[in-house]
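> Sequence first, then the predicted structure:
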Amino acid sequence: MQESRSKEVAAISNHSFIRMIERAKNGDNDALTMVLQEMEPEIQYLAGFLKMSKEDGIQEIKTQFIEKLRDGKDVFTFYGERP
């Protein structure tokens with residue numbers, strides 16, 4: 001019963017996240033900010049693997065993500081997940 005509820009909450013969260021990405025893709029800067037905040041832990045982690053300062057790595061990851069998002073690229077491939 002508990003596991004079923006956890007999956008339901010995760011599905012709702014995934015659906016909300018996908019909707020936020022779609023809004024950000026269509027130019028909603030508030031949605032873009034929310035998406036980047038949601039991804040912050042992953043961005044921080046991945047930036048540590050780049051051959052540049054962590055701050056520059058964070059900026060580079062965010063910049064690349066925004067460019068791909070706004071250019072209409074498949075951000076789920078970039079993010080490593082498909083709906």
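Ah, there it is.

> Tell me where this structure is predicted with low confidence.
1-12, 73-83 (pLDDT under 70).

> So for it, the centremost residue is which one?
By Cα atoms, centre = their mean, the mean C-alpha position of the chain lies nearest to residue 39, the distance being 4.6 Å.

> Look up how far residue 65 lies from that residue.
Using Cβ to Cβ, to the nearest Å, one gets 8 Å for the distance from residue 39 to residue 65. C-beta: built from backbone N, CA, C; applies to glycine.

> Residue 25 too?
11 Å.

> do the same with residue 43
Applying Cβ to Cβ to residue 43 and residue 65 gives a distance of 8 Å.

> and for these two, which residues touch both?
Here residue 43 and residue 65 share the contacting residues residue 36, scored by Cβ atoms under 8 Å, 6 or more residues apart in numbering.

> Show me what the host helix or strand of residue 59 is packed against.
Counting by DSSP states H and E, the element that carries residue 59 is helix 54-70. Helix 54-70 is packed against helix 2-25, helix 29-47, helix 75-79, with contacts defined by 3 or more Cβ pairs under 8 Å, 6 or more residues apart in numbering; DSSP states H and E.

> could you check the angle helix 29-47 makes with that helix?
130 degrees (axes from the mean of the first three to the mean of the last three Cα atoms, to 10 degrees).

> Which residues does helix 54-70 contact?
With Cβ under 8 Å, 6+ apart as the criterion, helix 54-70 contacts 21, 24-25, 27, 32, 36, 39, 43-44, 46-50, 52, 75, 78-79.

> Pull out the buried positions in that helix.
Neighbour counts over helix 54-70 (16 or more other Cβ atoms under 10 Å) mark 57-58, 61-62, 65, 68-69 as buried.

> could you dump those residues to TSV with distance to residue 13?
Formatted as TSV, the buried residues of helix 54-70 follow (distance: Cβ to Cβ, whole Å):
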residue	distance to residue 13
57	26
58	23
61	22
62	21
65	19
68	22
69	19
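
> Return the member of those nearest to residue 15.
residue 69 (18.1 Å; Cβ to Cβ).

> Tell me how far that closest one lies from residue 19.
For residue 69, the distance to residue 19 - Cβ to Cβ - is 14 Å.
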